[in-house]
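Enquirer: When you get a sec, could you give me coordinates for this:
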Amino acid sequence: MQKIKTLRWSVVLLLLTLNFGCDQISKKIVRANISDYEHISIIKNYFTLTKVENTGAFLSLGDEMPYIFRLVILTGLPLLFLGYGLYFLFAKRHLPITMQIALCFLIGGGIGNLYDRIVHGSVTDFMHMDFYLFQTGVFNFADISIMIGVGILLIQSFKNKNKAVQQEID
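Expert: Residues are numbered from 1 along each chain as shown. Sure, this is the predicted structure:
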């Protein structure tokens, strides 16, 4: 039983570290090698690199808010939520493995962006996709981690709802 607990904590810490580490390494490379607003085409114009320092939240929301409000809303609140998320992840011993993985992606990505905001004063975004009918904002690996975590939770939620409906039918 102790080996299983140790393995679980090791995997959780590894996933958190990988999410944070990949995000920070990619941002360090981008900060060192790409100028602000430089446009580098990777796959024609479908996938490009464009370095943007985002002082706001998702898609620069809140960018124009006074500094103190940005500090509270974009640093203080995420710090509280991430702290609670870590507590929840480590305190709840019987979480389904999919929820543990989803939380690792959410928390790892959240810590990556929060770290940027605290250390650099902004979040470095640098990837952009444009498929004519569908276009993203500029994003980073932390954002991808967060979206993967949300996606896993949504899929798990639909599966649980389908199981409940199926049990009612039976």
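
Enquirer: what comes up buried for the helix or strand that contains Asn160?
Expert: For Asn160, the element it lies in under DSSP states H and E is helix 141-169. For helix 141-169, burial by neighbour count (16 or more other CB atoms under 10 Å) applies to 141-146, 148-149, 152-153. The C-beta positions use only the backbone N, C-alpha and C, and glycine is treated the same way.

Enquirer: nearest to Val52, of the residues you listed?
Expert: Asp143 (12.1 Å; CB to CB).

Enquirer: so Ile73 touches Met65, yeah?
Expert: Yes - if you go by CB atoms under 8 Å, Ile73 and Met65 touch, sitting 7.2 Å apart.

Enquirer: Specify the local secondary structure of Phe126.
Expert: strand (DSSP: H, G, I helix; E, B strand; the rest coil).

Enquirer: what's near enough to touch it?
Expert: Contacts for Phe126 (CB atoms under 8 Å, 6 or more residues apart in numbering) come out as 26-27, 30, 34, 49-52, 138, 140.

Enquirer: measure it to Asn113 for me?
Expert: 13 Å (CB to CB, to the nearest Å).

Enquirer: helices and strands of this protein: which one bottoms out on pLDDT?
Expert: Least confident helix or strand of the chain, by mean pLDDT, DSSP states H and E, is helix 67-71 with a mean of 78.

Enquirer: Which positions within that helix qualify as buried?
Expert: By neighbour count on 16+ other CB under 10 Å, the buried set for helix 67-71 is Arg70.

Enquirer: Quick one: list the elements packing against that helix.
Expert: Contact analysis of helix 67-71 by 3 or more CB pairs under 8 Å, 6 or more residues apart in numbering; DSSP states H and E lists no helix or strand as a packing neighbour.

Enquirer: what about the strands in this structure?
Expert: With DSSP state E applied, the chain shows strands at 39-43, 47-54, 123-129, listed in chain order.

Enquirer: Please identify the most buried of those.
Expert: strand 123-129 (a mean of 21; mean count of other CB atoms under 10 Å).

Enquirer: Next, the angle strand 39-43 makes with that one.
Expert: Here the directions of strand 123-129 and strand 39-43 differ by 50 degrees (axes from the mean of the first three to the mean of the last three CA atoms, to 10 degrees).

Enquirer: Which residue, other than its chain neighbours, is closest to Glu38?
Expert: Lys51 (6.1 Å; CB to CB, 6 or more residues apart in numbering).

Enquirer: how about low-confidence regions in the chain?
Expert: Along the chain, the model assigns pLDDT under 70 to residues 1, 58-62, 170.

Enquirer: re earlier: where's the least confident helix or strand of the chain relative to the chain centroid, distance-wise?
Expert: A distance of 21 Å separates the centroid of the chain from that of helix 67-71, by CA atoms, centre = their mean, to the nearest Å.

Enquirer: Appreciated, that's everything.
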